[in-house]
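1. I would like to see how this sequence folds:
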Amino acid sequence: QVQLEESGGGLVQPGGSLRVSCAASARRFRTYAMGWFRQAPGKEREFVAAISWSGDSTSYANSVKGRFTISRDNAKNILSLQMNSLKPEDTAIYYCAADESLVVGSTRETDYEYWGQGTQVTVSS
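-> Okay, here's the model as predicted:
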């Protein structure tokens, strides 16, 4: 069983930066591939970024590539998403997800077993 808790969301102006984090309770956090997804009002949840259990492999949605960076600290059981050059269309609830059966992160929601409750990110002037 894994519990995930996101933090770091908030209000930021367009062009600004924000870092959201996900704290995991898993004793074997380093064996879980992780991902970030987001859901904007009135839209379906979508893939943002994913990372392998080792951190050596990452993938990004085209909409965030070059602006967002996913990373993990396996010693502290922390997953992070650094978001730069934020746009109003990045406004959403951001969720972290984990799955032990994955080697590298997946872009598909259904591949992840564990989910956090989400943290709100609002990009507005």
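
2. ranges for the strands of this protein?
-> Along the chain, counting by DSSP state E, strands occupy 4-7, 10-12, 18-24, 33-39, 46-51, 58-60, 68-73, 78-83, 92-99, 114-115, 119-123.

3. Rebuild these as a markdown table, extending it with mean neighbour count, distance to R108 and mean pLDDT.
-> For the C-beta atoms, the positions are set from N, CA and C on the backbone; glycine is no exception. Output for the strands of the chain, formatted as a markdown table (neighbours: other CB atoms under 10 Å; distance: least, CB to CB, whole Å; pLDDT from 0 to 100):
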| stretch | mean neighbour count | distance to R108 | mean pLDDT |
| --- | --- | --- | --- |
| strand 4-7 | 18 | 17 | 97 |
| strand 10-12 | 14 | 28 | 98 |
| strand 18-24 | 20 | 18 | 97 |
| strand 33-39 | 24 | 9 | 97 |
| strand 46-51 | 22 | 7 | 98 |
| strand 58-60 | 17 | 11 | 97 |
| strand 68-73 | 18 | 16 | 98 |
| strand 78-83 | 22 | 18 | 98 |
| strand 92-99 | 23 | 10 | 97 |
| strand 114-115 | 18 | 13 | 96 |
| strand 119-123 | 18 | 21 | 98 |
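
4. nearest to T107, of these?
-> Closest to T107 of the strands of the chain, according to CB to CB: strand 46-51, at 4.3 Å.

5. List the neighbouring strands of the closest one plus their orientation.
-> Here strand 46-51 has these sheet partners by DSSP bridges: strand 33-39 (antiparallel), strand 58-60 (antiparallel).

6. Report the inter-axis angle for the longest one versus strand 68-73.
-> Spelled out, that is strand 33-39. 140 degrees (axes from the mean of the first three to the mean of the last three CA atoms, to 10 degrees).

7. shift numbering so it begins at 462
-> That works, and once the first residue is 462, the last one we named lands at strand 494-500.

8. Nearest residue to the middle of this protein?
-> W497 (2.5 Å; CA atoms, centre = their mean).

9. List the contacts of that residue.
-> V481, C483, V509, A510, A511, I531, L540, L542, Y555, Y556, C557, A558 (CB atoms under 8 Å, 6 or more residues apart in numbering).

10. bridging residues for the first one?
-> When assigned by DSSP bridges, V481 has beta-bridge partners L542.

11. Many thanks, I have nothing further to ask.
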